[in-house]
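**Q** Take a look and give me a structure for this.
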Amino acid sequence: MQSLQEKAAEWSGVDTAYAFAIDDTNLLQKLGLQTFINLPTNFYTRKKKPFRINMNSLSNEWEILLFILRGKGHPALIGRHRPFPVTHQAAERWLHHMEKALESTPDIDADSKVKMMNFFRYIFALLSSLC
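**A** Numbers count the residues shown, from 1 in each chain. Next up, the predicted model:
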């Protein structure tokens with residue numbers, strides 16, 4: 001029987017070690033606070049229904065990013081999304097918008113973008129496996 005981590009790696013195409021390479025660098029310190037204010041702003045301006053765009057959503061996304069980038073957000077992120085049905089389609093839509101937001105946030109270097117997308121892909125695969 002496969003573990004959740006093995007399923008997430010298989011479904012996301014991202015090895016667990018690469019998914020958590022995000023923890024090897026303090027991205028908040030490396031890229032600066034303003035970058036992580038800009039990223040969720042860029043993200044929410046791209047999203048369309050059924051996502052709700054409001055200041056609470058923007059604030060929540062910003063806070064989650066800060067926890068993740070300090071290496072404290074993995075369990076909280078999973079716990080926060082567990083009550084919601086995270087379908088493959090919803091995950092792909094979210095990932096698409098995040099990838100576009102990362103592309104449109106010029107202060108994020110290519111290596112940091114890869115680390116973030118690997119992490120997000122893996123976590124969404126993990127969340128999908130819980131549904």
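**Q** where does residue 23 land in three-state SS?
**A** When classified by DSSP: H, G, I helix; E, B strand; the rest coil, residue 23 comes out as helix.
**Q** I'd like the distance between it and residue 39.
**A** Going from residue 23 to residue 39 by C-beta to C-beta, to the nearest Å gives 18 Å. (Glycine included, C-beta is placed from N, CA and C.)
**Q** ok, these two, which is more surrounded?
**A** residue 39 (22 against 16; other C-beta atoms under 10 Å).
**Q** Excluding residues flanking it in the chain, which one is nearest that one?
**A** residue 105 (5.0 Å; C-beta to C-beta, 6 or more residues apart in numbering).
**Q** mind checking the SS state of that neighbour?
**A** Following three-state DSSP, residue 105 is assigned to coil.
**Q** list the contacts for it?
**A** 35, 38-39, 42 (C-beta atoms under 8 Å, 6 or more residues apart in numbering).
**Q** In helices, which of the residues you listed fall?
**A** 35, 38-39, 42 (DSSP state H).
**Q** re earlier: in terms of distance to residue 113, which of the contacts of residue 105 ranks first?
**A** residue 39 (10.2 Å; C-beta to C-beta).
**Q** ok, the closest one touching residue 100?
**A** No: contact criterion C-beta atoms under 8 Å: residue 39 and residue 100 do not qualify, at 11.1 Å.
**Q** Name the residues contacting each of the two.
**A** Counting by C-beta under 8 Å, 6+ apart, nothing touches both residue 39 and residue 100.
**Q** Need the nearest residue in space to residue 5, chain neighbours excluded.
**A** Per C-beta to C-beta, 6+ apart, closest to residue 5 is residue 16, 5.3 Å.
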